[in-house]
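Undergrad: below are the sequence and a predicted model; questions follow.
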Amino acid sequence: MTRLLLLEGNTAPRRARARELGVRSSSEIYAQAIAAHYPDIELDVLNGADEGETMPEGRSWADYAGLVITGSALHAYDAEFAVTNQIALVAQAADAGLPIFGSCWGLQIAAVAAGGEVSYNPRGREVGFARKVLVNDAGRGHPMFAGKPPVFDAPCIHYDEVTRLPEGATLLASNAHSTVQAAVIPLGRSEVWAVQYHPEFDLGHLATLYTLYAEDMVAQGFFADMADLAAFRDKMAALGQDPGNAGLAWQLGVDADITDDAARRAEILAWIEHKVLGNQATSTETASSIAL
């Protein structure tokens, strides 16, 4: 049985507030995205921001085929327990040899764990869609982007960004907002495949974000007023219910890289195929050859 561990990035109060608002937690969004394509993979959650939290059901790193680092509202450069503990957990997983995938917060704390730097982006928030993410030469040759076009849009929300990749890391993709939109980061006995955007997000969750951050987005000039925002958000929610609606997709300026679940999640699926299921197949073949 293949089992993955999801490192939930948000604190207990933040998760409780999300539940009150009917918003899925970061780990719930990831669990649904993975289960949609791999229903037989078992998924556990570790609330790494919470003091006193232990491995689910007393499990150890050896019980997992990989670690997924979800999103978070925290800042990787802060020294509080909720941050430093998650950085330490990622390093432990890497020292145990687990394949690791991370999005947004996952990229940032993996970079810090390996010696890189994260800072507030002076260009402000990138929210809704990371536009025109360009895969570089290294990215085009990397299996994480085998299912993506050379340029694509992706769901996102972040203020912070990786400003210095750690030594030995490979930059895979960038856009005008953030130079580091995707990278492979060597860490411990493993490596982290990570992206700054959120391939796990669906259109329904993006519409929720436009509700949660409505006042900020109007104040920051993304929309002229609340009515303007509401019109855009409602079209996004409608497209989430009807992904094949070409008119709505055109009005929102999105394509199949957003509306098609497999295309949007391609990086996650590639990691599972190559680093999780592929590793297990290799281990089985190695064990069989030793037995012979």
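TA: Here it is on my side, so go on. All values derive from a computational prediction rather than experimental measurement.

Undergrad: and the strands in the stretch 51-200 of the chain, which stretches?
TA: 66-69, 100-103, 117-120, 126-135, 151-158, 160-164, 170-174, 182-187, 190-195 (DSSP state E, counting those that start in this stretch).

Undergrad: hey, C-alpha coordinates of the second one in PDB?
TA: Put plainly, it is strand 100-103. These are the backbone C-alpha positions of strand 100-103, laid out as PDB (Å, rounded to 0.1, in the frame of the first residue of the first chain):
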ATOM      1  CA  ILE A 100       9.100  15.600  -1.300                       C
ATOM      2  CA  PHE A 101       6.800  17.800  -3.200                       C
ATOM      3  CA  GLY A 102       5.800  21.300  -2.100                       C
ATOM      4  CA  SER A 103       3.700  24.200  -3.400                       C
END
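
Undergrad: isn't R14 right next to A73, touching?
TA: Yes - in this structure R14 lies within contact range of A73 using C-beta atoms under 8 Å: 6.0 Å. Where you see a C-beta, it was placed from the backbone N, CA and C, and this is true even at glycine.

Undergrad: quick revisit: out of the strands of the stretch 51-200 of the chain, which gets nearest to D234?
TA: In terms of C-beta to C-beta, the element of those nearest to D234 is strand 126-135, at 13.9 Å.

Undergrad: same for the closest one, what does it pack against?
TA: strand 151-158, strand 170-174, helix 203-212 (3 or more C-beta pairs under 8 Å, 6 or more residues apart in numbering; DSSP states H and E).

Undergrad: could you list the buried residues of it?
TA: 126-131, 133, 135 (16 or more other C-beta atoms under 10 Å).

Undergrad: same check, this time on stretch 147-158
TA: Result for stretch 147-158 [16+ other C-beta under 10 Å]: buried residues 148, 152-158.

Undergrad: can you pull the domain assignment for the chain?
TA: What automatic domain parsing lists as the domains of the chain is 3-200+265-288, 203-252.
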